[in-house]
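[1] I need the structure of the sequence given here:
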Amino acid sequence: MRLVAVLLVLAAASCAGHHHEAPAVSRDGRAVLQDAYDGRLDRQWSCGSLRAAYARLPVGGPTYSPLPGLIGNAAGAACDEALDAVGKGAGRARVEALLGQPDRRPRCWLYRWTPRSDSAQDGARICFAGNRVSFVQVAVHG
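    Model prediction:
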């Protein structure tokens, strides 16, 4: 009985420093931009939130803002991690919760994001049979 109690205490202590919060969600990305306004992200944002924020940034012309790099790098890391959690058999709602709104959808959903500095992965194509993932293809820039 004492051994069980000691093991439970050790298990609880080892988990104490590993609190994982669910990423914050901003469907339109506006809250991400507000968070990043000071040049850093104070919250952990979902892949879809970061992709939505990145899509809101101005395109073309010179930019002197650190926001594209900041948000792009965060999106690359969050989306790579989220894609790892998408597997064959996952439902459409799960995919959308992990990756956000797709850039294109009918049968296969297309996702694009800025690759992080240590990865060439910049998107994915996720196909469905009915409401379940049947195929995941990772996009890699060259």
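
[2] Quick one: residues contacting the residue most central in space within the chain.
    Central residue of the chain (CA atoms, centre = their mean): residue 47, 2.5 Å from the mean position. Residues in contact with residue 47 (CB atoms under 8 Å, 6 or more residues apart in numbering) are 23, 75, 78-79, 81-83, 98-100, 113. Just so you know, the C-beta spots here come from the backbone N, C-alpha and C atoms, and that holds for glycine as well.

[3] Please pick the buried ones from the residues you listed.
    Buried members of the contacts of residue 47, scored by 16 or more other CB atoms under 10 Å, are 23, 75, 78-79, 82-83, 98-100, 113.

[4] Narrow those residues to those in strands?
    Using DSSP state E, no member of these sits in strands.

[5] so of those residues, which ones are in helices?
    75, 78-79, 82-83, 98-99 (DSSP state H).

[6] just how off-centre is stretch 70-84 within its chain?
    5 Å (CA atoms, centre = their mean, to the nearest Å).

[7] Residues contacting that stretch, please?
    23, 32-33, 36, 39-41, 44-47, 50-51, 53-54, 57, 98-99, 111, 113-117, 119, 121-122, 124, 136, 138.

[8] Could you turn the buried ones of those residues into a ChimeraX selection?
    Those of these that count as buried under 16+ other CB under 10 Å are selected in ChimeraX with:
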select :23,32,33,36,41,45,46,47,50,51,53,54,98,99,111,113,114,115,116,121,122,124
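
[9] Identify the farthest-apart pair in the ones in helices among the buried ones among the contacts of residue 47.
    75 and 98 (13.1 Å; CB to CB).

[10] so what's the backbone phi/psi at the nearest residue to residue 120 once chain neighbours are set aside?
    Nearest residue to residue 120, sequence neighbours excluded (CB to CB, 6 or more residues apart in numbering): residue 140, at 4.6 Å. Residue 140 adopts backbone torsions of phi -130, psi 130, taken as degrees, to the nearest 10.

[11] Residue 140 contacts residue 121, correct?
    Yes - the criterion here is CB atoms under 8 Å, and residue 140 meets it with residue 121 at 5.7 Å.

[12] And the residue lying closest to residue 85 once chain neighbours are set aside, how far from residue 37?
    The spatial neighbour of residue 85 that comes closest, neighbours along the chain excluded (CB to CB, 6+ apart), is residue 98 at 5.6 Å. Distance, residue 98 to residue 37, using CB to CB, to the nearest Å: 26 Å.
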